[in-house]
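Colleague: how does the following fold in three dimensions:
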Amino acid sequence: MDLPVGTVVDRYIVEATLGEGGMAVVYRVRHKLLGSSHAMKVLAVPMPSVSDRLMQEGRVQSSIQHPNIVPVTDVVEVGDMPALVMEYVRGPSLDEYLRETRPTLEQIDDLAHGILRGVAAAHRHGLIHRDLKPSNILIAVTDEGLIPKITDFGLVKVLAGDTDSSGSSMSRTRSGMRMGTPPYMAPEQIRDTKGVDERADIFSLGAVLYELVTGRRCFGGIDVMEVFMAVCAGEYVDPREINPETPERIVAAIAGALKVDHASRTPTCEALLKNWTGRGGVSSWDEASLQKAEALGSGSRRMVSFVPAEPDETFVLPEVAIPMEHVAAGTFDMGLRQVTLTGAYEISRAPVTQETWQSIMHANPSAFTDNGRPVEQVSWHDALEFCNRASVSVGVDPAYAFGSFKPRKGYSLDDMGRMLYDLIPFARIPHVLKHFGTETLHVLQFEPTRLSEVAGIGSKTAARIAGSWDPYKYYERDVKWVDGAAGFRLPTEAEWARSATGSEVWEWVWDADPGPKFAVDPVTLPEEPAVDPLGEEGPRRIVRRRGDRRGCREPRMREADLGFRVARGI
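Modeller: Okay, here's the model as predicted:
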């Protein structure tokens with residue numbers, strides 16, 4: 001609902017629009033009698049379910065009185081729908097602030113302490129925020145300094161029975177939906193939004209604090225699934241590589257908050273604050289810092305209402321339907337030797353189809369397209385990525401842990417210029433190289449939106465470039481098989497030989513080529529999580545086809561008749 005300036009809503013007069021999201025608009029309003037300024041969140045879509053969540057948000061925020069939480073002070077009606085009246089925060093959101101400002105260490109400490117104290121207060125009230133991120137932290141500009149304030153409790157979970165003061169259920173997450181913002185969601189929240197506790201917020205805080213220290217997101221990716229995979233694997237760049245002056249105490253505190261296993265994670269905000277330490281509470285804000293922050297907050301701010309229909313915070317992940325068959329443990333002949341499989345497993349009855357691949361990877365690389373045919377032109381790395389994405393989509397731990405990408409060698413600026421030649425306008429290449437220097441290759445692959453700033457191309461073009469870029473051409477990456485993980489994985493050669501009934505394509509298996517005698521001596525099975533040392537001279541991977549046909553390929557090889565099937569431990 002659009003409210004023009006001057007509109008009177010109950011006791012309030014609309015003065016300006018602060019921002020809007022898919023489900024709500026936020027206005028600055030003035031109390032008619034008191035003259036005080038407030039923010040008013042008004043629903044843009046008259047839906048009962050959205051209204052219920054907005055009222056839940058209001059009840060929760062009004063129940064906590066803390067200087068680091070934005071209080072809700074009133075509820076009014078706009079038409080037939082409720083609207084929340086809350087404190088008007090004079091200043092930017094944390095994400096806006098970090099886009100334009102690099103705070104000092106003392107200022108980082110001050111903001112971190114306020115953020116942690118605010119979330120700790122919510123936890124003491126039995127509330128789990130479930131959507132902590134920089135855009136949900138507002139920065140109030142005061143005479144004493146900048147004060148962070150937590151807002152938007154629209155996805156809150158109430159631990160004590162999940163009911164509000166009226167006895168109504170406050171858990172409104174629909175089955176099959178992951179709610180939150182992917183780069184800040186804890187791994188257990190991705191698997192089960194309802195079944196989380198305070199430690200999910202601790203993980204989100206770790207990602208927020210990482211961004212506060214480095215100015216960059218902790219977890220990134222080309223799409224939602226890639227972000228989820230990075231989160232579930234705990235893959236992020238050491239903050240000292242971005243900000244070398246980061247103290248060890250901060251590095252350790254962030255690492256403790258970002259533990260993938262919630263049982264090993266820092267358990268409470270109080271413990272995280274103790275690990276962080278630092279100056280917090282000592283004034284570190286000069287007049288210039290305050291004026292800059294106030295100027296940032298004077299513009300429009302996008303404040304989003306966090307409700308189920310908001311596309312940026314609700315995700316229905318694809319379901320994977322792969323027909324599997326159970327195979328019991330036992331001994332069988334494989335080539336010239338007997339092999340004993342000590343554990344039962346499941347293996348797909350046929351290679352992964354193009355339809356199944358596309359439901360997870362959102363593209364079909366196959367040369368001969370037909371949804372019912374096996375997917376092909378898939379590298380060994382592609383197959384492992386599919387396995388991890390499919391595992392995340394069904395809520396189980398991925399079977400593979402990927403190490404960090406590392407350049408195969410030290411590339412010169414001339415090398416990087418040649419890489420850019422076919423991707424961006426030739427005249428812009430010197431500008432890109434001068435701007436990013438030795439970081440150019442990293443930006444091209446992992447942060448393409450930064451490339452668009454200086455390359456004279458749009459963000460969509462930059463994303464397309466990154467999506468078509470093969471990182472294994474210039475990078476190498478170790479991959480570990482996570483022992484005991486329940487996720488999809490490639491079968492070992494022995495599992496494939498024991499179970500596969502033939503295939504019209506070559507199929508990747510997990511085992512590596514042991515050397516020139518591969519055609520004679522079958523490879524031995526890994527007795528523990530295997531590590532694949534990639535590189536120009538690294539081992540190749542074994543491929544199998546119907547009957548006894550056997551070969552090997554480089555891990556990044558893609559061919560028109562090369563696919564895979566999946567297995568799972570039992």
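
Colleague: dig out what the nearest residue to residue 405 once chain neighbours are set aside forms beta bridges with.
Modeller: Closest residue to residue 405 apart from its sequence neighbours, by CB to CB, 6 or more residues apart in numbering: residue 475 at 4.2 Å. Just so you know, the C-beta spots here come from the backbone N, C-alpha and C atoms, and that holds for glycine as well. Here residue 475 sits in beta bridges with residue 407, as judged by DSSP bridges.

Colleague: pLDDT score for residue 475?
Modeller: On pLDDT, residue 475 comes in at 77.

Colleague: tell me who's in contact with it.
Modeller: Neighbour list for residue 475: 405, 406, 407, 408, 445 [criterion: CB atoms under 8 Å, 6 or more residues apart in numbering].

Colleague: which residues touch the last one?
Modeller: When the contact criterion is CB under 8 Å, 6+ apart, the partners of residue 445 are 405, 466, 469, 471, 474, 475.

Colleague: which one of those residues is nearest residue 485?
Modeller: residue 405 (21.6 Å; CB to CB).

Colleague: neighbours of that closest one, how many?
Modeller: Number of residues near residue 405 (other CB atoms under 10 Å) recorded here: 18.

Colleague: confidence score at it?
Modeller: For residue 405, the predicted pLDDT is 75.

Colleague: same check, this time on residue 335
Modeller: In this model, residue 335 carries a pLDDT of 66.

Colleague: swap in residue 501?
Modeller: pLDDT, residue 501: 65.

Colleague: what do you get for residue 118?
Modeller: 95.

Colleague: show me what the one helix or strand residue 114 maps to is packed against.
Modeller: Residue 114 belongs to helix 105-124 when assigned by DSSP states H and E. Counting contacts by 3 or more CB pairs under 8 Å, 6 or more residues apart in numbering; DSSP states H and E, helix 105-124 packs against strand 145-150, helix 198-214, helix 269-276.

Colleague: among the ones you listed, which comes closest to residue 257?
Modeller: Closest to residue 257 of those, according to CB to CB: helix 198-214, at 2.9 Å.

Colleague: could you say what helices and strands the closest one packs with?
Modeller: By 3+ CB pairs under 8 Å, 6+ apart, helix 198-214 packs against helix 94-100, helix 105-124, strand 127-128, helix 187-191, helix 239-242, helix 248-257, helix 269-276.

Colleague: with respect to burial, which of the helices and strands packed on helix 105-124 scores highest?
Modeller: Each of the helices and strands packed on helix 105-124 was scored by mean neighbour count; the highest is helix 198-214, a mean of 25, by mean count of other CB atoms under 10 Å.

Colleague: that helix vs helix 269-276, what angle?
Modeller: Counting by axes from the mean of the first three to the mean of the last three CA atoms, to 10 degrees, helix 198-214 lies at 30 degrees to helix 269-276.

Colleague: following element in sequence after helix 198-214, please.
Modeller: Toward the C-terminus from helix 198-214 - assigned by DSSP H and E - lies helix 224-233.

Colleague: tell me how many other residues surround residue 446.
Modeller: 18.

Colleague: my bad, residue 77
Modeller: 10.

Colleague: quick one: it is in a strand?
Modeller: Yes: judged by DSSP: H, G, I helix; E, B strand; the rest coil, residue 77 forms part of a strand.

Colleague: and the helices in the stretch 251-400 of the chain, which stretches?
Modeller: Assigned by DSSP state H, counting those that start in this stretch, the stretch 251-400 of the chain shows helices spanning 269-276, 287-297, 354-361, 380-393.

Colleague: just the ones you listed: most buried one?
Modeller: It is helix 380-393: most buried of those by mean count of other CB under 10 Å, with a mean of 24.

Colleague: quick one, domains of this protein?
Modeller: 8-87, 94-316, 324-399+477-569, 406-474 (automatic domain parsing).

Colleague: can I get those in TSV with distance to residue 2?
Modeller: Shown next, in TSV, are these (distance: least, CB to CB, whole Å):
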stretch	distance to residue 2
domain 8-87	7
domain 94-316	15
domain 324-399+477-569	35
domain 406-474	29
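
Colleague: quick one, strands of the stretch 401-550 of the chain?
Modeller: 406-407, 475-476, 479-481, 506-512, 541-544, 550-553 (DSSP state E, counting those that start in this stretch).

Colleague: any buried residues in the helix holding residue 114, and which?
Modeller: Buried residues in helix 105-124, counting neighbours by 16 or more other CB atoms under 10 Å, are found at 105, 107-123.

Colleague: please apply the same query to stretch 559-570.
Modeller: Buried residues in stretch 559-570, counted by 16+ other CB under 10 Å: 561, 562, 563, 564, 565, 566, 567, 568.
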